[in-house]
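Fold the following for me, if possible:
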Amino acid sequence: MTLHVRLIDGFELRLDGSPVELPPSAQRLVAYVGLSEHPVLRPRVAGSLWLDTSDRQALGSLRSVLWRLRRSGIDLVECVGEQLTLRPDVTVDIRHHLQLARALVAGTDRPDPRRHELEHTGELLPDWYDDWVLVERERYRQLRLHALERLCVDLTRAGMFARAVEVGLLAVAEEPLRESGQRALIRAHLAEGNAGEALRQYRTYAIGLREELGLEPSRHMEELVRGIRPATGSGSVRRRLR
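Numbering: from 1, shown residues only. A predicted model of the protein is given here:
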């Protein structure tokens, strides 16, 4: 029996490849425990999932959900004293993606061949608005962006410019005003010898940054594009952008 929990692009539980329906309360319990890479205490789980009740009621609700899961024959959650964790044989997609992203950011010597899975992945539990989900969603989004940027840089260094540009465009499409992603993409264009593409990307970013946030590109960005400007001095370029 194989159990897989999907949290990216929505909750889904599969048993031997077939989808299994769970009530919303059980979905949230499995998702909460699945997002934690370490065992979590019962009071913490209960307090996070049943915010609007007393501690005693929240713990009672947790016991009820655990009992219903066991009775259904899908015993996903293990209880060891006061700690809860998913069974060791249950796979969770977000854990796999976090592992890939961390390896990329760390710059391991042996890149995982499955790292391309990070390029076309969705949002963590969309349409769930619990506080704990929002925190984990942003944590995953930030780590994935760092991973895409690092992948763009690594591909550029390896001379794989088409792939580097593709990955860089994915990063800036998700967060157009994030300068680290823009710099990685511009460096890929420059390394390939496409100064015009690099300058066009810079201008698009600088205009968006000014219009959306009233900010100017950083000194690091200015230094990166200094040699490809049609006129010297940052002031002249900024006047053209206006």
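
quick one: contacts for residue 177?
Going by CB atoms under 8 Å, 6 or more residues apart in numbering, residue 177 touches 205, 208-209, 212-213. The C-beta positions use only the backbone N, C-alpha and C, and glycine is treated the same way.

change it to 7 Å
Contacts for residue 177 (CB atoms under 7 Å, 6 or more residues apart in numbering) come out as 208-209, 212-213.

ok, and the most crowded of the residues you listed?
When neighbours are counted by other CB atoms under 10 Å, residue 209 leads the contacts of residue 177 with 20 neighbours.

Run through the residues that contact it.
Contacts for residue 209 (CB under 7 Å, 6+ apart) come out as 177, 215, 217.

can you tell me the helix or strand for it?
Here residue 209, judged by DSSP states H and E, is contained in helix 195-213.

Go ahead and measure how far that helix is from the middle of the chain.
Helix 195-213 sits 25 Å away from the centroid of its parent chain (CA atoms, centre = their mean, to the nearest Å).

Buried ones in the next helix or strand after that helix, by neighbour count?
As assigned by DSSP H and E, the chain's next helix or strand after helix 195-213 is helix 219-225. With burial defined by 16 or more other CB atoms under 10 Å, the residues of helix 219-225 counted as buried are 221-222, 224-225.

Can you verify residue 4 is assigned to a strand?
Yes: the assignment for residue 4 (DSSP: H, G, I helix; E, B strand; the rest coil) places it in a strand.

That one reaches residue 91, doesn't it?
Yes: between residue 4 and residue 91 there is a contact under CB atoms under 7 Å: 4.9 Å.

Now for the closest residue to residue 121 other than its chain neighbours, how many residues are close by?
Nearest residue to residue 121 in three dimensions, chain neighbours excluded: residue 8, at 5.7 Å (CB to CB, 6 or more residues apart in numbering). Using other CB under 10 Å, residue 8 has 18 other residues around it.

again, but for the one 10 residues further on
The tally of other residues near residue 18 (other CB under 10 Å) stands at 7.

Please point out which parts of the helix holding residue 209 sit buried.
Buried residues in helix 195-213 (16+ other CB under 10 Å): 197-199, 201-202, 205-206, 209.

okay, now the domains of this protein?
The chain breaks down into these domains under automatic domain parsing: 3-88, 93-241.
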